[in-house]
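In: no FASTA, just this:
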C-alpha cells in the first residue's frame, strides 16, 4: 500500500527541513557539544538547541497531521530556529547545525506567511 503524501510541495519541503534540523540539532548537541564542553554546554545555548530540536520534530508532526493551524507552529519554529542558528554561530565550530537551523527558519517562515 502506498503512503499518501501532501499535495503541496512547499509543505513537504518544510517537513523535510524540520526533520533534518531536528536530527542535526540533536546529534550535534549529544555528539559534539557534550564532547567539546565549554561554551558548547553553556546553559542557554544547550537549552536552545534542545528546544529547537524538539520544536522542529513537533512542527513536522503538525504539518503531517495537516491542520490549518500549522502556520502558528511554523512561526514559532522559525523564531526558535533563527535564534538557535545565531547561538551556534556565536559559539563557533557548529557550521552544519547553524546552517540547518537557518534553512529551517527560512522554510518555516515562508510556510507561516502563506
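Out: Received the coordinates, thanks. All of these numbers come straight from a predicted model, not from anything done at the bench.
In: after the helix or strand where residue 18 lies, next one along is what?
Out: Applying DSSP states H and E as the criterion places residue 18 in helix 9-28. Using DSSP H and E, the helix or strand that follows helix 9-28 in sequence is helix 34-36.
In: what residues does that next one touch?
Out: Here helix 34-36 makes contact (Cβ atoms under 8 Å, 6 or more residues apart in numbering) with 40, 41, 93. Where C-beta positions appear, they are placed from N, C-alpha and C, glycine not excepted.
In: how about the contacts made by the residue nearest to the first one when sequence neighbours are not counted?
Out: Across the structure, with Cβ to Cβ, 6 or more residues apart in numbering as the measure, the residue nearest residue 40 apart from its sequence neighbours is residue 33 (3.8 Å). Contacts for residue 33 were tallied using Cβ under 8 Å, 6+ apart; they are 40, 41, 45, 46, 49.
In: pretty sure the first one sits against residue 32.
Out: Yes. At 6.9 Å, residue 40 and residue 32 qualify as touching, with contact defined as Cβ atoms under 8 Å.
In: and for the two, which residues touch both?
Out: With Cβ under 8 Å, 6+ apart, residue 40 and residue 32 have common neighbours 93, 94.
In: out of these two, which sits in the busier spot?
Out: Under the neighbour definition other Cβ atoms under 10 Å, residue 40 and residue 32 were set side by side, and residue 40 has more, 20 against 15.
In: circling back: please identify which pair of the contacts of residue 33 lies farthest apart.
Out: Pairwise distances among these were taken by Cβ to Cβ; the largest, 10.1 Å, belongs to 41 and 49.
In: between these two, tell me which one has more neighbours.
Out: Taking other Cβ under 10 Å, residue 41 and residue 49 do not tie; residue 49 has more neighbours (26 against 14).
In: gap between the more buried one and residue 29?
Out: Relative to residue 29, residue 49 is positioned 5 Å away (Cβ to Cβ, to the nearest Å).
In: cool, residue 15 as well?
Out: 21 Å.
In: now residue 107
Out: In terms of Cβ to Cβ, residue 107 sits 21 Å off from residue 29.
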